[in-house]
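Undergrad: What would the 3D arrangement of this be:
(one chain, ligands or ions: 2)
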Amino acid sequence: MQELYIGLMSGTSVDGIDAALVDFSGQKPKLIGFEYLPFIKEVKTKIETLSLNQALFLKDYGELDCKLGHLFAQAVNNLLDKVNIPHSAITAIGSHGQTLFHAPNEQWPFSLQIGDPNVIAEKTKITTVADFRRRDIAAKGQGAPLAPAFHQAVFKTNKRKICVANIGGIANISIISDDKLIAFDTGTGNTLMDYWCQKHLNKAYDDKGEWAKSGKVIPKLLERFKQAGYFKLAPPKSTGKEYFSSHWLMQHLVTYSQSNPNDIQATLCQFTADSIIDGIQEHTADIDELLICGGGVHNHHLLALLATRNYKVNSTETRGIHPDHVEAMAFAWLAKKSINHLPGNLIEVTGANSLVILGAVYSYS
Ligand SMILES: Nc1ncnc2c1ncn2[C@@H]1O[C@H](COP(=O)(O)OP(=O)(O)O)[C@@H](O)[C@H]1O
Ligand SMILES: [Mg+2]
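TA: Ligands and ions are numbered 1, 2, ... in the order given. All right, here's what the predicted structure looks like:
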(Lines give C-alpha, C1' and ligand atoms only; values in the text may rest on other atoms or scores of the structure.)
(Ligands and ions follow the chains in the order given, each with its own letter.)
Protein backbone atom coordinates (compact mmCIF):
# COMPACT_ATOMS: atom_id res chain seq x y z
CA MET A 1 0.00 0.00 0.00
CA GLN A 2 1.51 3.31 -1.09
CA GLU A 3 1.84 6.23 1.29
CA LEU A 4 1.70 9.30 -0.91
CA TYR A 5 2.59 12.90 -0.13
CA ILE A 6 3.31 15.90 -2.35
CA GLY A 7 6.00 18.47 -1.57
CA LEU A 8 5.82 21.99 -3.02
CA MET A 9 8.84 24.23 -3.17
CA SER A 10 9.57 27.61 -4.66
CA GLY A 11 12.82 29.00 -3.39
CA THR A 12 14.66 32.29 -3.24
CA SER A 13 15.64 32.01 -6.93
CA VAL A 14 11.96 32.78 -7.72
CA ASP A 15 12.25 30.63 -10.84
CA GLY A 16 9.08 28.60 -10.37
CA ILE A 17 7.29 25.88 -8.44
CA ASP A 18 8.67 22.35 -7.94
CA ALA A 19 6.07 19.70 -7.06
CA ALA A 20 7.22 16.21 -6.07
CA LEU A 21 4.94 13.22 -5.52
CA VAL A 22 6.62 10.84 -3.09
CA ASP A 23 5.80 7.38 -1.81
CA PHE A 24 6.97 6.78 1.77
CA SER A 25 5.82 3.17 2.12
CA GLY A 26 9.25 1.67 1.38
CA GLN A 27 12.56 1.86 3.21
CA LYS A 28 13.56 5.00 1.29
CA PRO A 29 11.28 7.74 -0.07
CA LYS A 30 10.51 7.05 -3.72
CA LEU A 31 9.68 9.73 -6.29
CA ILE A 32 6.55 8.83 -8.25
CA GLY A 33 6.20 12.01 -10.31
CA PHE A 34 7.46 15.56 -10.64
CA GLU A 35 6.13 18.80 -12.09
CA TYR A 36 7.85 22.13 -12.61
CA LEU A 37 5.69 25.20 -13.13
CA PRO A 38 7.85 28.19 -14.08
CA PHE A 39 6.67 31.61 -12.93
CA ILE A 40 5.69 33.96 -15.72
CA LYS A 41 7.66 37.20 -15.65
CA GLU A 42 4.79 39.21 -14.16
CA VAL A 43 4.54 36.92 -11.10
CA LYS A 44 8.29 36.84 -10.60
CA THR A 45 8.42 40.64 -10.74
CA LYS A 46 5.56 40.94 -8.25
CA ILE A 47 7.29 38.61 -5.78
CA GLU A 48 10.60 40.43 -6.14
CA THR A 49 9.01 43.86 -5.84
CA LEU A 50 7.16 42.89 -2.67
CA SER A 51 10.20 41.30 -1.06
CA LEU A 52 12.59 44.11 -1.99
CA ASN A 53 10.36 47.15 -1.41
CA GLN A 54 9.60 46.70 2.19
CA ALA A 55 6.80 49.26 1.94
CA LEU A 56 3.81 47.60 0.34
CA PHE A 57 0.10 47.86 -0.16
CA LEU A 58 -1.84 45.25 1.78
CA LYS A 59 -3.98 44.65 -1.30
CA ASP A 60 -0.89 43.68 -3.34
CA TYR A 61 0.26 41.37 -0.58
CA GLY A 62 -3.14 39.71 -0.13
CA GLU A 63 -3.64 39.25 -3.86
CA LEU A 64 -0.23 37.73 -4.40
CA ASP A 65 -0.77 35.36 -1.45
CA CYS A 66 -4.00 34.19 -3.08
CA LYS A 67 -2.59 34.03 -6.61
CA LEU A 68 0.38 31.95 -5.49
CA GLY A 69 -2.01 29.61 -3.67
CA HIS A 70 -3.74 29.06 -7.02
CA LEU A 71 -0.42 28.47 -8.80
CA PHE A 72 0.73 25.97 -6.17
CA ALA A 73 -2.61 24.16 -6.55
CA GLN A 74 -2.19 24.18 -10.33
CA ALA A 75 1.25 22.58 -10.01
CA VAL A 76 -0.30 19.80 -7.88
CA ASN A 77 -3.24 19.29 -10.24
CA ASN A 78 -0.94 19.17 -13.30
CA LEU A 79 1.25 16.64 -11.52
CA LEU A 80 -1.63 14.36 -10.57
CA ASP A 81 -3.08 14.57 -14.12
CA LYS A 82 0.31 13.61 -15.53
CA VAL A 83 0.72 10.50 -13.37
CA ASN A 84 -3.00 9.74 -13.44
CA ILE A 85 -3.34 9.28 -9.69
CA PRO A 86 -6.57 10.38 -7.94
CA HIS A 87 -6.38 13.27 -5.48
CA SER A 88 -7.97 11.07 -2.82
CA ALA A 89 -4.86 8.84 -2.88
CA ILE A 90 -2.68 11.66 -1.49
CA THR A 91 -2.44 11.89 2.30
CA ALA A 92 -1.23 15.50 2.33
CA ILE A 93 0.66 18.27 0.59
CA GLY A 94 3.59 20.00 2.28
CA SER A 95 3.88 23.54 0.91
CA HIS A 96 6.94 25.56 1.74
CA GLY A 97 5.48 28.74 0.24
CA GLN A 98 7.32 31.63 -1.36
CA THR A 99 9.59 33.44 1.05
CA LEU A 100 9.06 37.18 1.05
CA PHE A 101 11.22 37.91 4.08
CA HIS A 102 13.41 35.89 6.43
CA ALA A 103 14.39 37.71 9.62
CA PRO A 104 15.10 35.18 12.39
CA ASN A 105 17.51 37.38 14.36
CA GLU A 106 15.39 40.46 15.01
CA GLN A 107 13.87 41.45 18.33
CA TRP A 108 10.57 40.14 16.94
CA PRO A 109 11.86 37.36 14.70
CA PHE A 110 9.87 35.99 11.80
CA SER A 111 10.05 34.28 8.44
CA LEU A 112 7.30 35.05 5.95
CA GLN A 113 6.20 32.54 3.30
CA ILE A 114 3.11 33.14 1.17
CA GLY A 115 0.87 31.07 -1.15
CA ASP A 116 -2.43 30.67 0.67
CA PRO A 117 -2.75 27.04 1.91
CA ASN A 118 -6.54 27.48 2.21
CA VAL A 119 -6.62 27.88 -1.56
CA ILE A 120 -4.26 24.93 -2.09
CA ALA A 121 -6.43 22.61 0.05
CA GLU A 122 -9.62 23.82 -1.61
CA LYS A 123 -8.40 23.65 -5.21
CA THR A 124 -6.61 20.30 -4.87
CA LYS A 125 -9.04 18.65 -2.42
CA ILE A 126 -5.99 17.52 -0.43
CA THR A 127 -5.08 18.30 3.18
CA THR A 128 -2.26 20.85 3.10
CA VAL A 129 0.48 21.55 5.62
CA ALA A 130 2.15 24.98 5.39
CA ASP A 131 4.03 27.62 7.39
CA PHE A 132 6.84 25.24 8.37
CA ARG A 133 9.33 27.76 9.65
CA ARG A 134 7.59 29.89 12.24
CA ARG A 135 7.06 27.31 14.94
CA ASP A 136 10.79 26.64 15.05
CA ILE A 137 11.38 30.41 15.24
CA ALA A 138 8.86 30.63 18.08
CA ALA A 139 11.01 28.01 19.85
CA LYS A 140 13.97 30.38 19.39
CA GLY A 141 15.36 28.63 16.32
CA GLN A 142 16.38 30.05 12.96
CA GLY A 143 13.44 28.34 11.23
CA ALA A 144 16.03 27.30 8.64
CA PRO A 145 17.53 25.38 7.05
CA LEU A 146 14.93 22.59 7.30
CA ALA A 147 16.12 20.30 4.48
CA PRO A 148 19.19 18.93 6.36
CA ALA A 149 17.01 16.51 8.40
CA PHE A 150 15.83 15.05 5.08
CA HIS A 151 19.38 15.02 3.68
CA GLN A 152 20.43 13.02 6.72
CA ALA A 153 17.47 10.64 6.43
CA VAL A 154 18.12 9.79 2.79
CA PHE A 155 21.85 10.26 2.17
CA LYS A 156 23.54 9.11 5.40
CA THR A 157 25.92 6.19 4.89
CA ASN A 158 27.81 4.11 7.40
CA LYS A 159 31.38 5.07 8.18
CA ARG A 160 31.62 7.74 5.50
CA LYS A 161 31.47 11.44 6.11
CA ILE A 162 29.58 13.22 3.37
CA CYS A 163 28.39 16.74 2.80
CA VAL A 164 25.24 17.65 0.90
CA ALA A 165 25.26 21.13 -0.63
CA ASN A 166 21.91 22.41 -1.75
CA ILE A 167 22.64 25.31 -4.10
CA GLY A 168 19.45 27.30 -4.68
CA GLY A 169 19.20 31.08 -4.50
CA ILE A 170 20.84 30.69 -1.09
CA ALA A 171 23.09 27.67 -0.45
CA ASN A 172 23.06 25.38 2.55
CA ILE A 173 25.27 22.47 3.57
CA SER A 174 24.66 19.36 5.68
CA ILE A 175 27.83 17.65 6.92
CA ILE A 176 26.68 14.15 7.80
CA SER A 177 28.76 11.62 9.70
CA ASP A 178 27.92 8.57 11.82
CA ASP A 179 27.33 10.49 14.99
CA LYS A 180 26.83 14.10 14.01
CA LEU A 181 25.04 16.53 11.72
CA ILE A 182 26.32 20.05 11.17
CA ALA A 183 24.16 22.12 8.85
CA PHE A 184 23.67 25.79 8.04
CA ASP A 185 23.24 28.29 5.21
CA THR A 186 26.63 29.10 3.70
CA GLY A 187 25.51 32.32 2.01
CA THR A 188 24.63 33.18 -1.56
CA GLY A 189 24.12 30.31 -3.97
CA ASN A 190 22.83 31.49 -7.34
CA THR A 191 21.06 34.66 -6.33
CA LEU A 192 23.86 37.19 -6.95
CA MET A 193 25.02 35.42 -10.13
CA ASP A 194 21.40 35.45 -11.38
CA TYR A 195 21.04 39.16 -10.61
CA TRP A 196 24.26 40.08 -12.42
CA CYS A 197 23.39 37.93 -15.42
CA GLN A 198 19.92 39.46 -15.67
CA LYS A 199 21.38 42.96 -15.46
CA HIS A 200 24.05 42.47 -18.14
CA LEU A 201 22.81 39.70 -20.43
CA ASN A 202 19.08 40.03 -19.77
CA LYS A 203 18.99 36.30 -19.00
CA ALA A 204 17.57 34.73 -15.84
CA TYR A 205 20.78 32.74 -15.21
CA ASP A 206 24.24 32.06 -16.56
CA ASP A 207 23.61 28.88 -18.52
CA LYS A 208 26.09 26.20 -17.39
CA GLY A 209 28.23 29.00 -15.94
CA GLU A 210 29.74 29.71 -19.39
CA TRP A 211 29.78 33.47 -18.86
CA ALA A 212 31.52 33.14 -15.48
CA LYS A 213 34.00 30.75 -17.09
CA SER A 214 34.85 33.38 -19.72
CA GLY A 215 35.94 35.87 -17.04
CA LYS A 216 38.81 36.20 -14.58
CA VAL A 217 38.35 36.30 -10.82
CA ILE A 218 39.18 39.70 -9.28
CA PRO A 219 41.03 38.64 -6.08
CA LYS A 220 40.57 41.92 -4.17
CA LEU A 221 36.83 41.95 -4.83
CA LEU A 222 36.53 38.32 -3.78
CA GLU A 223 38.27 39.18 -0.51
CA ARG A 224 35.86 42.09 0.03
CA PHE A 225 32.87 39.78 -0.46
CA LYS A 226 34.34 37.37 2.07
CA GLN A 227 34.56 40.09 4.73
CA ALA A 228 30.77 39.94 5.15
CA GLY A 229 29.77 39.70 8.80
CA TYR A 230 27.64 36.62 8.09
CA PHE A 231 30.77 34.48 7.62
CA LYS A 232 32.00 35.40 11.10
CA LEU A 233 28.89 33.98 12.76
CA ALA A 234 28.95 30.45 14.16
CA PRO A 235 26.04 28.12 13.37
CA PRO A 236 23.14 27.84 13.96
CA LYS A 237 22.72 30.46 11.28
CA SER A 238 20.59 31.14 8.23
CA THR A 239 20.41 33.89 5.70
CA GLY A 240 18.41 35.15 2.75
CA LYS A 241 18.12 37.62 -0.07
CA GLU A 242 17.51 40.40 2.46
CA TYR A 243 21.21 40.11 3.34
CA PHE A 244 22.90 38.93 0.12
CA SER A 245 20.86 41.39 -1.89
CA SER A 246 21.46 43.26 -5.14
CA HIS A 247 21.96 46.33 -2.93
CA TRP A 248 24.70 44.51 -0.99
CA LEU A 249 26.39 43.57 -4.26
CA MET A 250 26.16 47.04 -5.80
CA GLN A 251 27.69 48.61 -2.69
CA HIS A 252 30.71 46.34 -3.10
CA LEU A 253 30.98 47.20 -6.79
CA VAL A 254 31.08 50.99 -6.41
CA THR A 255 34.83 51.07 -7.11
CA TYR A 256 34.65 48.38 -9.82
CA SER A 257 32.59 50.22 -12.42
CA GLN A 258 35.38 49.86 -14.99
CA SER A 259 35.69 46.07 -14.52
CA ASN A 260 34.49 43.65 -17.17
CA PRO A 261 31.05 42.29 -16.27
CA ASN A 262 32.20 38.73 -16.97
CA ASP A 263 35.08 39.16 -14.50
CA ILE A 264 32.52 40.17 -11.87
CA GLN A 265 30.50 37.06 -12.75
CA ALA A 266 33.62 34.90 -12.45
CA THR A 267 34.25 36.44 -9.02
CA LEU A 268 30.65 35.83 -7.91
CA CYS A 269 30.86 32.19 -9.00
CA GLN A 270 34.12 31.75 -7.10
CA PHE A 271 32.47 33.45 -4.10
CA THR A 272 29.64 30.90 -4.07
CA ALA A 273 32.12 28.01 -4.40
CA ASP A 274 34.43 29.36 -1.69
CA SER A 275 31.55 30.02 0.74
CA ILE A 276 30.62 26.34 0.46
CA ILE A 277 34.21 25.04 0.63
CA ASP A 278 35.10 27.34 3.56
CA GLY A 279 31.86 26.40 5.32
CA ILE A 280 32.87 22.73 5.12
CA GLN A 281 36.48 23.32 6.14
CA GLU A 282 35.59 25.43 9.14
CA HIS A 283 33.66 22.55 10.65
CA THR A 284 35.40 19.36 9.65
CA ALA A 285 38.89 18.26 8.75
CA ASP A 286 37.84 16.04 5.89
CA ILE A 287 34.86 14.63 4.05
CA ASP A 288 34.72 11.69 1.64
CA GLU A 289 32.23 13.14 -0.80
CA LEU A 290 30.37 16.33 -1.61
CA LEU A 291 26.89 15.72 -3.03
CA ILE A 292 25.26 18.59 -4.90
CA CYS A 293 21.56 19.32 -5.32
CA GLY A 294 19.53 22.41 -6.28
CA GLY A 295 19.78 24.42 -9.48
CA GLY A 296 23.49 25.17 -8.92
CA VAL A 297 24.21 21.64 -10.12
CA HIS A 298 23.57 22.87 -13.68
CA ASN A 299 26.35 25.45 -13.40
CA HIS A 300 29.29 23.40 -14.69
CA HIS A 301 31.81 26.10 -13.93
CA LEU A 302 30.65 26.22 -10.30
CA LEU A 303 30.95 22.42 -10.05
CA ALA A 304 34.48 22.58 -11.45
CA LEU A 305 35.40 25.17 -8.79
CA LEU A 306 33.93 22.96 -6.07
CA ALA A 307 35.91 19.96 -7.35
CA THR A 308 39.31 21.43 -6.53
CA ARG A 309 39.62 19.76 -3.12
CA ASN A 310 40.55 16.22 -2.21
CA TYR A 311 37.00 14.89 -2.07
CA LYS A 312 34.75 13.64 -4.83
CA VAL A 313 32.00 15.97 -6.04
CA ASN A 314 28.88 14.28 -7.38
CA SER A 315 25.27 15.10 -8.08
CA THR A 316 22.74 13.55 -5.68
CA GLU A 317 21.56 11.61 -8.73
CA THR A 318 24.44 9.21 -8.06
CA ARG A 319 22.61 8.42 -4.82
CA GLY A 320 19.22 7.92 -6.41
CA ILE A 321 17.60 11.36 -6.16
CA HIS A 322 17.70 13.85 -9.01
CA PRO A 323 19.23 17.13 -7.76
CA ASP A 324 16.21 19.17 -8.92
CA HIS A 325 13.86 17.01 -6.83
CA VAL A 326 15.52 16.98 -3.40
CA GLU A 327 14.05 20.15 -1.89
CA ALA A 328 10.44 19.48 -2.92
CA MET A 329 10.77 15.90 -1.68
CA ALA A 330 12.00 17.30 1.65
CA PHE A 331 8.72 19.19 2.09
CA ALA A 332 6.69 16.07 1.32
CA TRP A 333 8.76 14.35 4.04
CA LEU A 334 8.22 17.23 6.48
CA ALA A 335 4.46 17.14 5.80
CA LYS A 336 4.44 13.45 6.70
CA LYS A 337 6.15 14.30 10.01
CA SER A 338 3.57 16.99 10.79
CA ILE A 339 0.58 14.81 9.88
CA ASN A 340 1.95 12.10 12.19
CA HIS A 341 2.49 14.66 14.99
CA LEU A 342 6.24 14.21 14.86
CA PRO A 343 8.78 17.02 15.18
CA GLY A 344 10.45 18.11 11.94
CA ASN A 345 13.16 20.41 13.24
CA LEU A 346 16.60 19.44 14.49
CA ILE A 347 17.78 21.43 17.49
CA GLU A 348 21.43 21.13 16.46
CA VAL A 349 20.64 22.67 13.07
CA THR A 350 18.15 25.46 13.76
CA GLY A 351 19.16 26.19 17.36
CA ALA A 352 15.58 25.85 18.62
CA ASN A 353 15.23 25.16 22.33
CA SER A 354 13.05 22.11 21.71
CA LEU A 355 11.82 19.69 19.09
CA VAL A 356 8.54 20.98 17.68
CA ILE A 357 5.87 19.85 15.26
CA LEU A 358 6.24 22.12 12.25
CA GLY A 359 3.51 23.73 10.20
CA ALA A 360 -0.21 24.27 10.34
CA VAL A 361 -2.67 21.76 8.88
CA TYR A 362 -5.43 22.89 6.49
CA SER A 363 -7.62 19.81 6.44
CA TYR A 364 -9.62 18.47 3.55
CA SER A 365 -11.86 15.60 4.40
N1 LIG B 1 21.31 25.44 -16.97
C2 LIG B 1 21.65 26.14 -15.89
N3 LIG B 1 22.87 26.72 -15.80
C4 LIG B 1 23.24 27.44 -14.71
N5 LIG B 1 22.43 27.64 -13.65
C6 LIG B 1 21.20 27.09 -13.68
C7 LIG B 1 20.74 26.32 -14.78
N8 LIG B 1 19.47 25.88 -14.51
C9 LIG B 1 19.15 26.40 -13.30
N10 LIG B 1 20.17 27.12 -12.78
C11 LIG B 1 20.22 27.87 -11.53
O12 LIG B 1 19.37 27.27 -10.58
C13 LIG B 1 18.49 28.25 -10.02
C14 LIG B 1 17.22 27.56 -9.55
O15 LIG B 1 17.60 26.64 -8.57
P16 LIG B 1 16.62 26.14 -7.45
O17 LIG B 1 17.24 24.96 -6.82
O18 LIG B 1 15.26 26.02 -8.02
O19 LIG B 1 16.68 27.36 -6.43
P20 LIG B 1 15.56 27.85 -5.40
O21 LIG B 1 15.33 26.73 -4.45
O22 LIG B 1 16.17 29.05 -4.78
O23 LIG B 1 14.34 28.16 -6.25
C24 LIG B 1 18.30 29.25 -11.14
O25 LIG B 1 17.89 30.51 -10.67
C26 LIG B 1 19.70 29.27 -11.74
O27 LIG B 1 20.52 30.14 -11.02
MG1 LIG C 1 13.43 26.97 -7.60
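
Undergrad: contacting residues around residue 149?
TA: 330, 334, 344, 345, 346, 349 (CB atoms under 8 Å, 6 or more residues apart in numbering). Where C-beta positions appear, they are placed from N, C-alpha and C, glycine not excepted.

Undergrad: That one belongs to a helix?
TA: Yes: under DSSP: H, G, I helix; E, B strand; the rest coil, residue 149 sits within a helix.

Undergrad: Check the burial of residue 106 by counting its neighbours.
TA: Counted with other CB atoms under 10 Å, the neighbours of residue 106 add up to 7.

Undergrad: I should have written residue 276 there, sorry.
TA: Counted with other CB under 10 Å, residue 276 comes out at 25.

Undergrad: Tell me if I'm right that it and residue 174 touch.
TA: No: the criterion here is CB atoms under 8 Å, and residue 276 misses it with residue 174 at 11.6 Å.

Undergrad: Any part of the one helix or strand residue 197 maps to near ligand 2?
TA: Using DSSP states H and E, residue 197 maps to helix 191-201. No: Helix 191-201 stays clear of ligand 2 (CB under 5 Å from the ion), getting no nearer than 10.8 Å.

Undergrad: from here on, count from 20
TA: Understood, numbering begins at 20; the last thing we discussed is helix 210-220.

Undergrad: mind listing what's buried in that helix?
TA: 210, 211, 212, 213, 214, 215, 216 (16 or more other CB atoms under 10 Å).

Undergrad: repeat for stretch 248-261
TA: 250, 254, 255, 256, 257, 258, 259, 260, 261.

Undergrad: Out of the residues you listed, which sit inside strands?
TA: The subset of the buried residues of stretch 248-261 located in strands under the criterion DSSP state E is empty.

Undergrad: quick check, nearest of the residues you listed to ligand 2?
TA: Closest approach to ligand 2 among the buried residues of stretch 248-261 (CB to the ion): residue 260, at 12.9 Å.

Undergrad: where's that closest one relative to residue 70, distance?
TA: Noted for residue 260: a distance of 7 Å to residue 70, by CB to CB, to the nearest Å.

Undergrad: Residues in contact with the helix-or-strand element of the chain with minimal mean pLDDT: which ones?
TA: Here the helix or strand of the chain ranked lowest by mean pLDDT, DSSP states H and E is helix 60-71, holding a mean of 92. Contact partners of helix 60-71, identified using CB under 8 Å, 6+ apart, comprise 33-34, 58, 75, 79-80, 83, 86-87, 90, 117-120, 260-261, 264-265.

Undergrad: Quick one, which of those residues are buried?
TA: For those, buried by 16+ other CB under 10 Å: 33-34, 58, 83, 86-87, 90, 117-120, 260-261, 264-265.
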